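# Attaching a predicted model along with its sequence, questions to come.
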Amino acid sequence: MVRMIETFVYEVRESLTMAIAAIKINKMRSTLTLLGIAVGVFSIISVMTAMGVLLNSIESGMSQLGTNTFQVQRMPAFQTGDPRERAKLRNRKYITYVQGLRVKENATLAREVGLEAWSYGKIVMTLSGQKTNPNVSIAGEDLEGFSTNNWNIKEGRLFTQEELNTGRKVAILGTQVINKLFPKVYPVGETIRIDGDEYKVIGTIEPKGGMLGGNQDNFVAIPLNTFFRKYGKERDMHIMVEARSRETFDDCIEQVRGILRAARQVEPGQEDDFYIFSNDSLIEQFNDFTKYLRLGILAISAIALIAAGVGIMNIMLVSVTERTREIGIRKAIGAKKNNILTQFMLEAVILSQFGGIMGIIMGVSAGNILALSMSVPPIIPWDWVLIGFFVCSFIGIVFGVYPAWKASNLDPIESLRYE
């Protein structure tokens, strides 16, 4: 038994050595075959890596919602390309402040309900003339808006209920604004100017990072009533709701949905004219949104891999023809059909696997370029790396079978006569 195993290992090692030598002899042909496999694997791995990066960005970015918290907005986070659907969404009425108060007053399953309104594309200045780019967001918040958004005060303090009620001009800054306006100065106690009004900085917020290429730290938070006085009360509100527990989370969502449907006079049987999302639902919607894109890429990649497999078969058939005399000599000095079969199968598999490894490395690198551009941690999709590697081996075996079988069945006498 030991002798049989040693013989088998020796034969496989000899076949592997000869297969590698044959590949080295035909460098150009082997390189072109490798590239065919590499392109197919690259397209799969790069897309799946990019999708993983985007998913991680959403998961980390959505930590802006606190534990057991969901948010209500007029528009969904992801929109389809259907013009009629987009037009219908644009025609939705704003979620008003009064409707937000209805939720605050009647959502008995909620621990906290926060209300906020936003204005975008603002320039924030210091009294000395230092200013930001015109891309800062202004958030009008009530006190509960900070906890339901999972915003933690880093320095200074939160504004008080009295400052909220009276509409005091105080501000709390995100990290990106601080880095731009006060890179070397303690910001608390300083004064900033937004749209001609001056605000006293009373606090800063711990950084949250980016989501989908954006920056959650590039904003200034002011009391909600202060926001209303400056930008008007007819704003599209966001409602953030924290359920009392995980067990009551789904019931709390349904309760808030019922309150808003009644407040917005949505008829029974009609779909909601607002959007409720949580961490889980946003990730699920993102997966649905990108499902057909991934399927399309997989289909194209599969075609590319099949074409590369056909290329391997053609190369191996040419190789069998060119090496007919070599095969005849090997058979004449004692090589068995299995030895020839193993050699040519190993050549096909090695070509496929080297091409697959090239495609995997390029795909992971290309996908993580997106991660670097979005300032999120790079990833390696190990599941797809393994799938890609085994698919390459499978292609090498499938498309190498016929050439190997043909080589192993050559008649040694006829092979020796071949010129």
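Received it, and whenever you're ready, just let me know what you need. Residues are numbered from 1 along each chain as shown.
# All the helices of the stretch 101-250 of the chain, residue numbers only.
Under the criterion DSSP state H, counting those that start in this stretch, helices of the stretch 101-250 of the chain are mapped to 143-148, 161-166, 175-181, 224-231, 249-263.
# How about residue 203: what's its closest non-neighbour residue?
residue 156 (3.2 Å; CB to CB, 6 or more residues apart in numbering). (C-beta placed from N, C-alpha, C; glycine too.)
# For the one you found, give its distance to residue 36.
Distance, residue 156 to residue 36, by CB to CB, to the nearest Å: 60 Å.
# Next one: residue 412, what pLDDT does it get?
The model reports residue 412 with a pLDDT of 63.
# do the same with residue 368
pLDDT at residue 368 comes out at 80.
# JSON lines for the helices of the stretch 101-250 of the chain, including mean pLDDT, mean neighbour count and distance to residue 89?
Formatted as JSON lines, these follow (pLDDT from 0 to 100; neighbours: other CB atoms under 10 Å; distance: least, CB to CB, whole Å):
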{"stretch": "helix 143-148", "mean pLDDT": "90", "mean neighbour count": "21", "distance to residue 89": "24"}
{"stretch": "helix 161-166", "mean pLDDT": "94", "mean neighbour count": "13", "distance to residue 89": "31"}
{"stretch": "helix 175-181", "mean pLDDT": "93", "mean neighbour count": "20", "distance to residue 89": "29"}
{"stretch": "helix 224-231", "mean pLDDT": "95", "mean neighbour count": "19", "distance to residue 89": "23"}
{"stretch": "helix 249-263", "mean pLDDT": "92", "mean neighbour count": "17", "distance to residue 89": "16"}
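# As a markdown table, these with distance to residue 102 would be great.
As requested, those are exported to a markdown table (distance: least, CB to CB, whole Å):
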| stretch | distance to residue 102 |
| --- | --- |
| helix 143-148 | 15 |
| helix 161-166 | 19 |
| helix 175-181 | 33 |
| helix 224-231 | 16 |
| helix 249-263 | 5 |
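# out of these, nearest to residue 199?
Proximity to residue 199, assessed across the helices of the stretch 101-250 of the chain by CB to CB, is greatest for helix 224-231 (8.2 Å).
# What is the closest one packed up against?
Helix 224-231 sits against strand 110-122, strand 136-141, helix 161-166, with contacts defined as 3 or more CB pairs under 8 Å, 6 or more residues apart in numbering; DSSP states H and E.
# Which one, of the helices of the stretch 101-250 of the chain, ends up nearest to residue 132?
Taking CB to CB, helix 175-181 is the member of those nearest to residue 132, at 4.7 Å.
# can you list contacts of that closest one?
Contact partners of helix 175-181, identified using CB atoms under 8 Å, 6 or more residues apart in numbering, comprise 124-126, 130-133, 136, 173, 187, 192, 204-207, 215, 217-220.
# among those residues, which ones are buried?
124-126, 132, 136, 173, 187, 192, 204-205, 207, 215, 217-220 (16 or more other CB atoms under 10 Å).
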